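Visitor: Quick check, what structure comes out for this input:
(2 chains)
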Amino acid sequence: MMNDLKLIACDPILGIPRVRPEGYQPDRADLLFQMNRLGISQAVVRHRVAIECGPIVGNGVVLEETKDEDLLLPAWMVTPDGSAPDFEPGKLINEMIKSGTRICWIDPQAEGFSLLPWCSGHLYEILQARQIPLLVDYDKVTSDDLDVILSAFGQLNLILLNAPRLGRNRLLYPLLERHANLRLCLSHTYSVPGGIEDLCKTFGDHRWVFGIGYPDAEGGAAIAGLSYARISDRAREAIAHINIESILEDVV
Amino acid sequence: MACCKSGKPLADCLVIDSHAHIGPMVGFPILSSSIEALIAEMDRIGVDQAYVSGLPALGTADRIGNDIVLDAMNSYPDRIRGYMVLNISEPNKIAMEMQRCYGAGIRAVKIFSYATRGGLQYDDPVYEIVFEFADAHSLPVLAHTWGDELDQLAEPFEKYSRIRWLLAHTGSKDLPKYLRVAKEFENVYLETCFSTCPRSLFEKLVSEVQLHKIIWGSDQLFMNAAHQLGRVLFSQITPAQKRAILGANAVALFGGK
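Guide: The predicted structure is shown next:
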C-alpha cells in the first residue's frame, strides 16, 4: 500500500530557471513542502545553477541547499575533465565523495562535451570502478550514443531520467536488453499503459527508480502511476526506494 | 486519494474519460490496444465510462477506426461511447461516413489536426462538412489542439454554436488562449489530458474558468490513465471540484447518464 510506502524521488532539480515559473518557486522550502504533501521520504537533488553557472558553482550550491537535511541527497554535476585547477576527474570524484555525495549527473549540452567514450571514457572508468550512479536526461543522449557508452562500460550504473511515453519503446527496449546496468527513473513521463508491468516482467524489478518530475510536474501523477501498477508489492518497494538505496550503498 | 494510494479503483466517484483511444497506431507500439485492454485499464483505476476514438481513423483509415469503435460500443454498451473520426483527405466521403456512424449510434466527433500528414488546418473549408453535420445534430466535437489550432477554430466556435467544443490537451501551449476562449464562448470546454502533468494546472483552471467547463480525459491508451487521474486527485482543489472534473461535468457535456 502506497500509504505506508517509502518513496525516494530521484529526479528533483532545484533552482529558478531563467523563465520563472508562475505560481511557485523551486527552492528548498518548496521541495520540502511538496515532499511532505506527497509523502516523499527522500529526494536526490540536482541544482539548476550548475547548468546556468557551471558545476563549480552548482555543486557548492547543491551542498548548501541540502545541508543539515537528511531528506535531501545531493547530486553533483560532473564533466569528463574534472574541474579547475587540476582538470582531473578522479580528483573531482574524490572531492564529491568526501562531501558526502554519492550520485552525479551530466549535461553535455550545457558544458560542451561529447558523451562518447573517446571524450568521456576516463570519467566513466572512474564512475564504474567506484560504482557511482550517473543520472542522464533522456533528451541529452541519443540511443546510439547510449549503446556505444554502455558497450564500452558495461558496469556503469547509468540512470536515464525522463524516458518518454512511446509505448513499447523501440529504442529503449533493445538498449535495456543489451545493457544490464541501464536503469530508468520512472516518473509521469514514462506514461505507458502497462509500461511498468512490462518492464518488470521483461527485465525484472531491480533496474527502476522512482521520480516525481519536481518542480514542474504534479508529483501525484507519478505516485498514482506506481500505486496502480499491477506489480507485486516487492516490485513496488523496489522501485519506490530499495533500488536507489541499494545503488547508493554500493558506492565505493 | 486514499483509494489511489492503496492502488484501489475509485469507488465513490463517477469517472468518465472524455478522451480515450483503441486500436493500433502508426509509429507507436502500444503494448495492448484492444478494447479488452482499455476496459482492464478502466477497471484498474475506476473509470466508469470512456469516450473512445479508433486510432487508425486518426491516420486515414477512418472506416476501419470507426468500426473498431462501433464494435467496442456493442461489446460494452454501458462503458464505451464513441467518437467518429473522418478522413479529411477525402471530402466527398465525409458526410456519408458521418451519417453511417451516427446511424450506428456514435454521438460525438473527434478531429485531429495532424490527420492528413500535411495537416489541413481546422479553418480549411473541408472541415465545414464536419462542422455542419455536428452542428445540425448538436454533437460534441473533441478537437486535438496544441495551442495554434485555437485561432483556426475561432470562427467555427461562433458559427457552429450548437456544437459543444471540447479542446483536448488544455494548457499544452499558450494556456491563456485556452482560458480566454473558454470564457468567451459558452460552447467551449477544456479537456485536460497532458503528458507533462503540469503542476498547479487544475488549481489555475478552477480559479479562472467555470467549473463545469473542465472535463477530465486521459488519452489512454497513448498514456497511462493513472497518471492523469493522479494529477486531479493530488491537486490542491476541493473534493467537490475533483468530482465535477472527473465525471459530473462530462455527464452534463455529453448528456449521458
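Visitor: show me where chain A has helices.
Guide: A:28-38, A:49-53, A:55-66, A:89-98, A:108-111, A:117-130, A:143-152, A:172-178, A:195-203, A:219-227, A:233-237, A:243-249 (DSSP state H).
Visitor: same deal with chain B?
Guide: B:2-5, B:35-45, B:55-58, B:62-75, B:91-103, B:126-136, B:149-152, B:154-159, B:175-184, B:201-208, B:225-233, B:239-243, B:249-254.
Visitor: Please tabulate these in a markdown table, including the columns distance to A:Val136, mean neighbour count and mean pLDDT.
Guide: Using the backbone N, CA and C atoms, a C-beta is placed for each residue, glycine as well. Compiled in a markdown table, the helices of chain B are given as follows (distance: least, Cβ to Cβ, whole Å; neighbours: other Cβ atoms under 10 Å in any protein chain shown; pLDDT from 0 to 100):
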| stretch | distance to A:Val136 | mean neighbour count | mean pLDDT |
| --- | --- | --- | --- |
| helix B:2-5 | 30 | 18 | 82 |
| helix B:35-45 | 31 | 19 | 97 |
| helix B:55-58 | 32 | 24 | 90 |
| helix B:62-75 | 38 | 20 | 97 |
| helix B:91-103 | 47 | 16 | 97 |
| helix B:126-136 | 43 | 19 | 97 |
| helix B:149-152 | 34 | 18 | 93 |
| helix B:154-159 | 43 | 15 | 96 |
| helix B:175-184 | 30 | 17 | 97 |
| helix B:201-208 | 28 | 18 | 97 |
| helix B:225-233 | 22 | 28 | 97 |
| helix B:239-243 | 36 | 15 | 97 |
| helix B:249-254 | 40 | 20 | 96 |
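Visitor: Test my guess that A:Leu127 contacts A:Cys104.
Guide: Yes - if you go by Cβ atoms under 8 Å, A:Leu127 and A:Cys104 touch, sitting 7.2 Å apart.
Visitor: Report the contact partners of B:Glu97.
Guide: Contacts for B:Glu97 (Cβ atoms under 8 Å, 6 or more residues apart in numbering or on different chains) come out as B:Asp62, B:Arg63, B:Asn66, B:Met84, B:Leu86, B:Asn87.
Visitor: what is in contact with A:Leu127 and A:Cys104 at once?
Guide: Shared contacts of A:Leu127 and A:Cys104, defined by Cβ under 8 Å, 6+ apart, comprise A:Ile93, A:Pro133, A:Leu134.
Visitor: Nearest residue to A:Ile239 in space, please, no chain neighbours.
Guide: Excluding its sequence neighbours, the residue lying closest to A:Ile239 (Cβ to Cβ, 6 or more residues apart in numbering or on different chains) is A:Trp208, at 4.6 Å.
Visitor: Can you tell me which of the contacts of B:Glu97 is nearest A:Gly194?
Guide: Distance to A:Gly194 across those (Cβ to Cβ) is lowest for B:Asn66, with 25.1 Å.
Visitor: and that closest one, what is it in contact with?
Guide: B:Gly54, B:Ala57, B:Gly82, B:Met84, B:Val85, B:Glu97, B:Arg100, B:Cys101, B:Ile106.
Visitor: With B:Leu14 instead?
Guide: B:Leu14 neighbours (Cβ under 8 Å, 6+ apart): B:Asp48, B:Arg243, B:Leu246, B:Gly247, B:Ala248, B:Val251.
Visitor: Repeat the analysis, applying 10 Å as the threshold.
Guide: Neighbouring residues of B:Leu14 by Cβ atoms under 10 Å, 6 or more residues apart in numbering or on different chains: B:Gly46, B:Val47, B:Asp48, B:Gln49, B:Arg243, B:Leu246, B:Gly247, B:Ala248, B:Ala250, B:Val251.
Visitor: That'll do, ta.
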